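K.L.:
dropping the sequence and predicted coords here.
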Amino acid sequence: MSLNFILFLIFAFIAATSAVLMITRKSAIIAALFLILNFAALSGLYLTLNAQFIAVVQVIVYAGAIMVLFLFVIMLLRPSDEQSIFDDNPKLKWLATFVGVLVFAQILAIIFIGRPSDGLTPDLQRSIEVGTIEAIGRELYTTYLIPFQSAAFLLLAATIGALILAKKKLED
């Protein structure tokens, strides 16, 4: 077995374990921390698949910025005061368990019974070149320059609009 395959198995195990631990925790903050671990494991999986840019973005955007917002909202809302949805309807818990087992069985069937398509011929060197930050940057600033800058101006306009709306609320 190659090192790449061993790392893939390790990251896949961490991702699957942290996902299960995330949905089984009663504390929302602990669940959010397991979600951060899951994002880090997914980033490792992207690295083993030669998608360096997506791996870096996964850590910076999701594990960094979005999880800070999630934790902020969780602490602001205090979900410990909320009642569980399963307390009122215990049959819903059995339905959710059944659906989870069904999805897990489908994933196992895909892993052990499914076969990859013979029509695909992977070119490893080409996939490494396409996934680099340099190749993505070159495409963004040459082929897709107008859409890239249009998205930047839209985000700038949305930020200015949000600041104006927030300022009006503060003045009232």
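P.N.:
Yes, it's here. Small disclaimer: the values here were computed from a predicted structure and weren't measured. Numbers count the residues shown, from 1 in each chain.
K.L.:
residue ranges with poor pLDDT in this structure?
P.N.:
Regions of the chain meeting the criterion pLDDT under 70 cover residues 78-86, 116-125, 127-128, 168-172.
K.L.:
most centrally placed residue in it?
P.N.:
residue 39 (5.6 Å; Cα atoms, centre = their mean).
K.L.:
quick one: distance of whichever strand or helix holds that one to the chain centre.
P.N.:
Per DSSP states H and E, residue 39 falls inside helix 28-48. Here helix 28-48 shows a centroid-to-chain-centroid distance of 8 Å under the convention Cα atoms, centre = their mean, to the nearest Å.
K.L.:
next, the buried residues of it.
P.N.:
28, 31-48 (16 or more other Cβ atoms under 10 Å). Quick note: C-beta positions are derived from backbone N, CA and C, even for glycine.
K.L.:
by contact count, what packs against it?
P.N.:
Judged by 3 or more Cβ pairs under 8 Å, 6 or more residues apart in numbering; DSSP states H and E, helix 28-48 is in contact with helix 3-24, helix 52-57, helix 67-77.
K.L.:
relative to helix 67-77, how tilted is it?
P.N.:
Relative orientation of helix 28-48 versus helix 67-77 (axes from the mean of the first three to the mean of the last three Cα atoms, to 10 degrees): 170 degrees.
K.L.:
can you give me the domain boundaries for the protein?
P.N.:
1-82, 85-114, 134-172 (automatic domain parsing).
K.L.:
now, of these, which is deepest in the fold?
P.N.:
domain 1-82 (a mean of 15; mean count of other Cβ atoms under 10 Å).
K.L.:
so how far is it from its chain's centroid?
P.N.:
On Cα atoms, centre = their mean, the centre of domain 1-82 falls 7 Å from the chain's centre.
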